[in-house]
Structure formats: C-alpha cells, structure tokens
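Engineer: A predicted structure for the sequence below; I have some questions about it.
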There are 4 protein chains.
Amino acid sequence: MIDKSVNWPGGARIAVMLTFDFDAETLWTSRDPANARRPGILSQGVYGAKVGVPKILETLRDEGLKATFFVPGWTAEHHPQRTEMIVAGGHEVAHHSYSHNWIDPDYPEKEVEEMERGLEALKRVVGVVPRGYFSIKSPRPIFPNSHILEIFQDEFREIYRWGGLYNLVMHPQVIGRPSRIALLREIIGFIRSFPNVWFATGTEVAEAWSAAHDA
Amino acid sequence: MIDKSVNWPGGARIAVMLTFDFDAETLWTSRDPANARRPGILSQGVYGAKVGVPKILETLRDEGLKATFFVPGWTAEHHPQRTEMIVAGGHEVAHHSYSHNWIDPDYPEKEVEEMERGLEALKRVVGVVPRGYFSIKSPRPIFPNSHILEIFQDEFREIYRWGGLYNLVMHPQVIGRPSRIALLREIIGFIRSFPNVWFATGTEVAEAWSAAHDA
Amino acid sequence: MIDKSVNWPGGARIAVMLTFDFDAETLWTSRDPANARRPGILSQGVYGAKVGVPKILETLRDEGLKATFFVPGWTAEHHPQRTEMIVAGGHEVAHHSYSHNWIDPDYPEKEVEEMERGLEALKRVVGVVPRGYFSIKSPRPIFPNSHILEIFQDEFREIYRWGGLYNLVMHPQVIGRPSRIALLREIIGFIRSFPNVWFATGTEVAEAWSAAHDA
Amino acid sequence: MIDKSVNWPGGARIAVMLTFDFDAETLWTSRDPANARRPGILSQGVYGAKVGVPKILETLRDEGLKATFFVPGWTAEHHPQRTEMIVAGGHEVAHHSYSHNWIDPDYPEKEVEEMERGLEALKRVVGVVPRGYFSIKSPRPIFPNSHILEIFQDEFREIYRWGGLYNLVMHPQVIGRPSRIALLREIIGFIRSFPNVWFATGTEVAEAWSAAHDA
C-alpha cells in the first residue's frame, strides 16, 4: 500500500488511483442465486449500473480525470452499453473475475475458471484484455479521527478525575492505518497535556500494584 | 429515481414525495411468526400505530401537506381507526402487500395472492383501491458527506506525509448516489489542493512500480 | 409513553424516570449458558456490578436523586451487597424476572415461574416486593437529528441540482419518535427553503410521469 | 480497572498503559481455518504485521515511549522479525495464547495447552518469558458523549414540548463506564435546566398515573 522508493512521474510525492468496482447485480447474486429473482434487492445493483456509472463518468469527465473500473465478466455481458461507456470515456477496465462468486478455497481450479471466463467476457464485449492487481488491505475506518479522539478524551478525563489506571488497547491492523497513526500521535499529545501521568508497561503496573497491595 | 425529462406541474424543478411505510407489527411478525406472542418486540410496531401515526398526521396537518402511506392489508385490518385517520386526513393510501411476509421467489403465485389479499383488505376497511409503484433503490447513506470526507482527509493527509500510493476504492451503487456524487467532487477538489499529486490508473501505477523495482 | 392527561405532582409538565437494568452477568448467560464459563465475556457484567453500580449510586447521591433499578432475581442472589447498596441508597428496586432468559412464548408457564422466582429472590435477599411495569417501545435513535438532517440535506441539494423526483421514505415507529417528529418539521422546513418545489403523492407523480412519457 | 489505593511511582495520579494486540492473521484463522487460504481476508492481518507494527514502533520511538505488545505464539513464529523489532525497541512482549483460537470452555486442558504453546513459542523466538494479566471489561463506547447527549436532548426537548413522561433507561455496564458517568451528570444537568420537571420512581409515576385515570 505504501512504498516510498517508487519514483512517480514528474517527481510526484503521491500517486492517486480512483478505482470503481462495477459489480452491478453480481454483488447480490453471488451471495444468493435466488436474489436473481428478487427485484427489490437487485434494484441496488441496477441503480449502480443505470444511474451510478453515468453520473460517475459525467463527474470524471467534468474533472478531466481517468479512473480504473473493475468489471466482472457477468457485468460486461449484462451491461454492455455501460461497459462501453467506460471504455469510450478513456478509462481503464480492470479484471474482477466473472461472477463475483465466493470461491471455496478447496477448489482453486474454479477460481482459475472464474478468472478466465471474466477475461474472455471483457475481451468479447469491449475488446479489452486487462491486468489484475493484488493489494494488502486493512479494515476501512468508519469514524473520523476527531470522533475517536473525542471518545478517548471523554474516557480519559473522567478516569483522570478518579485517578487510577488507564489501559489503551490497540490493534496494529487498525491503529496502523495511516489515519490512525496520526490519531495515535494526537492521543499521546493529549495525555501529555495532563500533569502527573505515568506511562508504564503491564509489568511495571503489576509490580506497583503488588507493592501497594502486598504491603 | 431521477428523470429530468418530466415536466412537473407549475414548472417545478423537483417533485417531493413524503411516503410512510405503515408496517405496524407486520415488520416483526413477517420475520418470525412467534413474534406475534412477544409483546416486548411487537411493542415497537404498536408504538408506530398508537403514537407514531397520529403524531405524523398532526405534523402533516400543521404543515398543510398531503403524503402517501403504504399500508399492508394486515395493518388495515388490525388498525382500522388509524387507517381511517390517514384517509380522513386526505392522504393517499398505497398498496404494500398483505402481511409483509418475505415471499419465496420460487412461488410467485404466493406473491400474487399476497397482493390480492392486501388490495381486498384495503378496499374492505377503508374503501380504497390503491395503485402500486416500483422504484430502483440504492443503499441509504448512514453518514453525512462531512463525516466521510473527514475520514478521507485524515487518511490522505497522513499517506501524503509518508509519500506513496493512495487508492480510493468506490462502488457505483454507493458513490453513485446523488449525495455521494457531490462528495466525489469534494474529494477530488481536496486532493487537488495538494502539490505534487499524480492521478493514475492501475496500469500506469503498475508500470511506474515495475520501472522502479526492476531497475 | 406519552400521556398529557396525567396531572403530575406540583403541576409538573413532565415526569422523569431514571431506570437502570441491573442485569449483571445474566445479560450474557441468558444468551448462552456456556458464557458462565467465559470470564472474558462475563467480565462485562462483572464490571457493571463491581464498578458501574457504585459509581451510579455515588452520582445519584451527589445529585440528590432517587432512581429505579430493575434487578433480576439471579443478580440479587449473586450480588447481594450491590443490591443492598441500591436499597440503602433509598432507590426503588423493580422486578425484572429471575434469570433474564428468553422465554419461548409457547411455554407461558415458564414465564410465570421466571417471574415468581424473581420476586421470591428479591424478597429473600433485600426484603423488597416490587411491582412490574409495561411500556411500549420504539427503536432508540442512534444518531442525533443534526446527523440525519445533514444526510438528508446532502441528498436533497444534489437531486435538486439535477432536477427530478425526491422520495423521502419513512416508518412511523421510527419517524414517530418524539425527536424524529421534530426532525420531520426541520426537513420540511429545509425543503420549503428551496424555490420551485412540488410536494406530491405517489399518484400525482405517476400521473405527471405518464403524461410526460405517453405524450 | 480503577483503583485509587495504588501509589504510582512519582506520585502519579494516573498510570497509562499502551497495549497492542499483535494478532496478525490469527484474528481471522482462529475464526475459520479456511481463511488461511483466503489472501483477500488474511491481507488485513498481513497489513498489521507488514505496515502497522513498524509504523507503531516508529511512532513510539519518536515519542520516547515504551508499550506492551500481546503476541500470540503463532504470530511470533510467523513474524519473527516483527516480534524481534518489538523487543529491540525495548517494549514489553506479553502473552496472548498460541493461536488465538476460541477455546470451548468444556475443554479447559486445551486452554492450558494453548497457553503453554504460546509461552514456549515466545521463549524460543525472542527469548522472552512474559506474564499474563486479567482485567474486567465493559463494552467500549463507539460514540462520544456529545453524540449521545445530543440524541438525548433532541428527544427530551420534544417530549417536554408535548408534556408527559420521560423514562431514561440505562445499563450499569454501559452508563457505569467512566466517560458515561460524566455523561449521566451532563444529562441530569440538562434536565434540570428546564422548569416544571418532576423526577420520580416507577412506583411514584404509576401512582400518579392511576390517581389520574381512576379518578
């Protein structure tokens, strides 16, 4: 996800990719084939194709930007005009399997088949032979730093008022996200704005605790 | 959902429908018939009928507005006074099946039966023969744009600080919503407020990456 | 939940009850008996009893207020000191079954037994014979009006920009809540701040739509 | 969690522990072994190890702080360099079982085995023999006090406008949290800013209610 060693064109400090997963109805049919007969549910995917994609393309055109659209083969076959609109807009069509179905990892050959069918469909419908990518993910934050910081501050202020121990529990895959690393700096800075705070490890706390209670 | 070609009365730019799904207890009994004997759970539906509807009607009357109420046949039969209050208020009663039950798509005849029973009940209870509508849906946003924009800004600022690659992944059925299209414009504007940013597609990034690492 | 006909003491406009469900571990053991052997999970209930209740009582004492504590019989038996602290504080102990277990509605006698065991335990442990209450509920809001209003405004502004149809879908048990009725007034006021808006029912919209397309 | 009787070093009012659960892939493999063959899912754990931990260590170094990392044996075996980075940074490595698997409480011997394997792995990989800790938990707040207070205020203002009864239902394990105790004080203060408010217990309300209706 992050690599400082890359020299982007024009000496850019950062490269920005805008990618769109054009899953259309496959997002729901891949969960439950019966959804194919449930217009109410499918209509979400229909909305993405009918209204979403054209509005996105209109916005990108107004902004003079090229983006990357991941298009499952099924989507290309069932929404050929939309897929062609994407290509006609000069955007990149990337590969996203055929049906977006969840593949049982015990049957890797099915995954290969899914990929090949997807590639074949894109080639046939819009004459595109895309490449694939793999990137490592971390859970997307659903709250801004200001929100998490406020929760922390509410908690810390009162525990400080009582006196005692504050144990801030974190998980690397979450607090390790770029935005959360910035948050960690803010939290530490906030704690340091209080007098008489002792930062300690679990062992140090346990020892002080025993010393106080065994005495 | 959006159609610019319609000429609304009085040359209005936009038509606004206020619709209420008066599901009452059916929202819970349709999920699990046993809920019919669980007062604690049903009380939510009871609240909607006993307190919610009168307060809504009072508010609409004070505002001088007419709205559309979707009333399942079961609700009309079990809350006839409330259903009559809606009609007496001059509001439209629209059709919403009979029991709100989830119909197995393999038995379309049951769906027809549900619809007919619902129509029959509305006709019998309040003498109304409503029409049905079908609209395409997209997932309703649960956070305002300012919230999502702030999360994005937290993330982008720190990745920019590190330097590297920022990949913004979007889905047409979500980002394609009217409010989210406005958000997309805001996000692009925010990114453009930083110097040395390179907007690129997946292939361009992959090529720059390879060039940097194979070298 | 709301009754304007009641004359509260001292001609009060509103009566305010502070109630606490002192479920302790029963909140988890009632979901899965095996949780009784899962200290990590139970510790949440332990926290409520060990830290929560004393802090609540301290706060109520500082504020000079009496509250109502719903105490399952199991809690009274396993946290007698805490239950006595509540009584000693002059607060009301109310009835909340014995084990907080979910009763299969097909076995009402079990519910009776649950209630009687709960009453018996409270009488034995703290000598209290409480009364029960029943109130109708509606889903508790998880977002403030300002949050929902902002989401609505984001959406409406952009659809207005495009022109078309805006369909606001609501549910009586949700929008009928006191806070949401206030929100409904705010939303209508916001819409009215725009020129060229047509408020219409589903039928009126369908007719204008047909007129525009059949023409 | 809170203990005022402890005398922290240097007469500190509060001790602050920064702890990190370095679960890596075990967070997902412990839920479903098949996840071990799902790169898309595992990549979250990979992110925590590959990007998260180094960024956390860099931040702690910049801040001049020592923290406590809970490392399952599996993580130590599969991310030895990362685990060594933690030790090399002068941080404490604490014990977190071997595989993070959920142990059936009916088989305590498996739990013992899990713990021993975890200890053995840490000793072998980084030569550390950590201690364990046990702390009581309460559900972590996901919204700041300002958010909950606003929801309460929206609700109270309108019920006050209608007149009637306001019943604030709370749970000790939630409202008993330090931050929520502060919130309870704020809520009471807000209610007291209104004239003609009667604070009452359930029995007092029931009596006033009966008196009004039986009359």
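Structural biologist: Cool, the structure landed. Numbers count the residues shown, from 1 in each chain, chains lettered A, B, ... in the order given.
Engineer: Centroid-nearest residue for chain A?
Structural biologist: The centre of chain A sits closest to A:Arg140, judged by CA atoms, centre = their mean, with a distance of 4.9 Å.
Engineer: what kind of secondary structure is that residue in?
Structural biologist: Following DSSP: H, G, I helix; E, B strand; the rest coil, A:Arg140 is assigned to coil.
Engineer: where does it land on pLDDT?
Structural biologist: Looking at A:Arg140, its pLDDT stands at 77.
Engineer: Same check on A:Arg131?
Structural biologist: On the pLDDT scale, A:Arg131 is placed at 65.
Engineer: Can you show me the strands along chain A?
Structural biologist: Applying DSSP state E to chain A gives strands spanning A:14-21, A:68-71, A:92-95, A:164-170, A:197-199.
Engineer: ok, A:Met17 - contacts?
Structural biologist: Contacts for A:Met17 were tallied using CB atoms under 8 Å, 6 or more residues apart in numbering or on different chains; they are A:67-68, B:165-168, B:199-202, B:205. C-beta coordinates here come from the backbone N, C-alpha and C atoms, glycine included.
Engineer: how close does A:Gly73 sit to A:Glu120?
Structural biologist: 7 Å (CB to CB, to the nearest Å).
Engineer: higher neighbour count, those two?
Structural biologist: The neighbour comparison of A:Gly73 against A:Glu120 (other CB atoms under 10 Å in any protein chain shown) goes to A:Gly73, with 26 against 14.
Engineer: Quick one: neighbours of the closest residue in space to that one that isn't next to it in sequence, just the number.
Structural biologist: In space, and not counting its chain neighbours, A:Gly73 is closest to A:Ala121: 3.0 Å by CB to CB, 6 or more residues apart in numbering or on different chains. When neighbours are defined as other CB under 10 Å, A:Ala121 has 22 of them.
Engineer: right, and A:Ala121 touches A:Ser99 too?
Structural biologist: No - if you go by CB atoms under 8 Å, A:Ala121 and A:Ser99 don't touch, sitting 9.9 Å apart.
Engineer: So what's the residue count around A:Gly189?
Structural biologist: Look at A:Gly189: counted by other CB under 10 Å, it has 10 neighbours.
Engineer: what's the distance between it and chain C?
Structural biologist: Separation of A:Gly189 from chain C (CB to the nearest CB, to the nearest Å): 28 Å.
Engineer: What does the pLDDT read for that residue?
Structural biologist: 95.
Engineer: Who are the contact partners of A:Ile187?
Structural biologist: By CB under 8 Å, 6+ apart, the residues touching A:Ile187 are A:149, A:152, A:168.
Engineer: quick revisit: how close does the residue nearest to the centre of chain A sit to D:Tyr160?
Structural biologist: Counting by CB to CB, the separation of A:Arg140 from D:Tyr160 is 40 Å.
Engineer: show me the contacts for A:Ala101.
Structural biologist: If you look again at residue A:101, you'll see it is Asn, not Ala. Counting by CB under 8 Å, 6+ apart, A:Asn101 touches A:26, A:30, A:114.
Engineer: per-residue pLDDT, the second one?
Structural biologist: As summarised for this prediction, A:Ser30 has a pLDDT of 80.
Engineer: what's the neighbour count on it?
Structural biologist: If you count neighbours by other CB under 10 Å, A:Ser30 ends up with 17.
Engineer: doesn't A:Ser99 make contact with it?
Structural biologist: Yes - taking contacts as CB under 8 Å, A:Ser30 lies within contact range of A:Ser99: 6.0 Å.
Engineer: isn't A:Ile56 right up against B:Gln173?
Structural biologist: No - A:Ile56 is beyond contact range of B:Gln173, at 10.7 Å (criterion: CB under 8 Å).
Engineer: Closest residue of chain A to chain B?
Structural biologist: Closest contact between chain A and chain B, by CB to the nearest CB, is at A:Gly52 (2.2 Å).
Engineer: Correct me if wrong: that residue contacts B:Pro178.
Structural biologist: No - the pair A:Gly52 and B:Pro178 does not pass the contact test of CB under 8 Å, sitting 10.3 Å apart.
Engineer: When those two are compared, which one has more neighbours?
Structural biologist: A count of neighbours by other CB under 10 Å puts A:Gly52 above the other of A:Gly52 and B:Pro178, at 28 against 24.
Engineer: Point out where chain A drops to low pLDDT.
Structural biologist: Along chain A, the model assigns pLDDT under 70 to residues A:1-5, A:102, A:105, A:131-139, A:215.
Engineer: Between the contacts of A:Ile187, which sits nearest chain D?
Structural biologist: Sorting those by how near they are to chain D, with CB to the nearest CB, puts A:Leu168 at the top with 5.4 Å.
Engineer: what about the closest residue to the closest one other than its chain neighbours, how many neighbours?
Structural biologist: Closest residue to A:Leu168 apart from its sequence neighbours, by CB to CB, 6+ apart: D:Leu18 at 5.4 Å. By other CB under 10 Å, 26 other residues sit near D:Leu18.
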